[in-house]
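Participant: Just need the structure, nothing else, for what follows:
(chains A and B)
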Amino acid sequence: MSWAAHDLEPYAIQRHLKLKVAFVPLLFGSYSPDLMTKWFVYGIHLGGIELKADNPVQFHRGWPGFGFTHSLLYGVAICLVFWKVFGSKNWGVSFLIGQWAHALTDSGDTVGTMLLFPWTFHFHVDAWAYAGQTGRITDAAAYFSGLGSMWDAVWMLYGLYSWRVLTSKYFDSYIFPADRFWGWSNRLLPRAALIALYRAAFFYGTCRWVAWSLWAHVLHHYPYDLSWGGPHWVHAAHP
Amino acid sequence: MLRRSSLTTLLVYLGAAVLYIAVGVFFIDFMLSVFVAAAYLLVATWLVPAAVRRLR
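Facilitator: Numbers count the residues shown, from 1 in each chain, chains lettered A, B, ... in the order given. Model prediction:
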């Protein structure tokens, strides 16, 4: 499980592919594997009833479950829907790149992803502990104490190094012309608002990386454990 | 060298980030959604500056 990488990676990809990708489906692809499942992994309370998966790990990454959303084939399938049904190759390929980035990044934890689904083998690098089954708070504390947060930091620093990708000039030169979405949105919102929306995921990823790190280590004193597979003070799930 | 308008934009975003982080650390529900963050950013970096310009 990754917290900020999925917000930040699209900006690094955008830097290199410029007009070849559309940013909105790239970001949508980067978010898509967790879009409908994460709330049920952590659980929510609705009128005194807790809705939560019996086996969060199986539900999130396994089969039977929604683990197929973290496979390369899922990206190809949605890409083909955008391309062949809605007639936008650009949206399809951009979604594919974002979704593949998500699936590959999440293979860094101890549960990993079924990259080659329908083969149900989990590819897992084991660099950081998967602790989604412990609930959102413990998962956050563990994630921001281990190598997962350092991986997020790599993308954050690379994004800051590539700061030109966040400028209004870059937005006008590459983001706006690559996708009719922005022209359509410009009928409703002025350019300044569209630029803020374009920057929102980077802002979100960076700010919450800082905020969660402060919350975990200044407010609550969870110990850092940057060893491989850590932090080892939390129960890490495995496939 | 940053132009004055770019520097102003950067400072507005930095101010918005500091406030977002400060609120998020103490009220973690605030930083659970990218949609909330996008709405906040729209208000902080577009609506508020536009309102200030209009009042001047």
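
Participant: longest helix in chain B, by residue count?
Facilitator: Of all the segments of type helix in chain B, defined by DSSP state H, the longest one is helix B:4-26.

Participant: Contacts only, for residue A:135.
Facilitator: Counting by C-beta atoms under 8 Å, 6 or more residues apart in numbering or on different chains, residue A:135 touches A:42-43. Using the backbone N, CA and C atoms, a C-beta is placed for each residue, glycine as well.

Participant: no no, residue A:153
Facilitator: Residues in contact with residue A:153 (C-beta under 8 Å, 6+ apart) are residue A:209.

Participant: Low-confidence bits of chain A, can you list those?
Facilitator: Within chain A, the set of residues satisfying pLDDT under 70 is empty.

Participant: What segments of it are helices?
Facilitator: Going by DSSP H, chain A shows helices at A:5-17, A:23-35, A:38-42, A:56-61, A:72-80, A:89-106, A:136-143, A:147-161, A:168-170, A:176-178, A:180-185, A:191-214.

Participant: Give me the contacts around the third one.
Facilitator: For helix A:38-42, the external contacting residues (C-beta under 8 Å, 6+ apart) are A:51-53, A:56, A:59-60, A:132-133, A:135-136, A:139.

Participant: what does chain A put close to chain B?
Facilitator: If contacts are counted using C-beta under 8 Å from any C-beta of the partner chain, the residues of chain A sitting beside chain B are A:7, A:31, A:136-137, A:140, A:167-168, A:190, A:192-193, A:196-197, A:199-201, A:203-204, A:206-208, A:210-212, A:214-215, A:218-219.

Participant: Go through stretch A:155-165 and flag the buried ones.
Facilitator: Buried positions in stretch A:155-165, judged by neighbour count with 16 or more other C-beta atoms under 10 Å in any protein chain shown: A:155-156, A:159, A:165.

Participant: now stretch A:10-27
Facilitator: Counting neighbours by 16+ other C-beta under 10 Å, the buried set in stretch A:10-27 is A:10-15, A:17, A:21-27.

Participant: just stretch A:129-143 next, same as before
Facilitator: In stretch A:129-143, residues buried by neighbour count (16+ other C-beta under 10 Å) are A:129-134, A:136, A:139-143.

Participant: Just the C-alphas of it, formatted as CSV.
Facilitator: What follows is stretch A:129-143, C-alpha atoms only, in CSV (Å, rounded to 0.1, in the frame of the first residue of the first chain):
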residue,chain,number,x,y,z
ALA,A,129,5.1,-3.6,5.6
TYR,A,130,1.5,-3.9,4.3
ALA,A,131,-0.7,-3.0,7.3
GLY,A,132,-4.0,-2.0,5.8
GLN,A,133,-5.7,-4.8,7.8
THR,A,134,-4.9,-2.9,11.0
GLY,A,135,-7.1,0.1,10.1
ARG,A,136,-6.3,3.5,8.7
ILE,A,137,-4.6,5.0,11.8
THR,A,138,-2.1,2.2,12.4
ASP,A,139,-1.6,1.8,8.7
ALA,A,140,-0.7,5.5,8.4
ALA,A,141,1.6,5.3,11.4
ALA,A,142,3.4,2.2,10.1
TYR,A,143,3.6,3.5,6.5
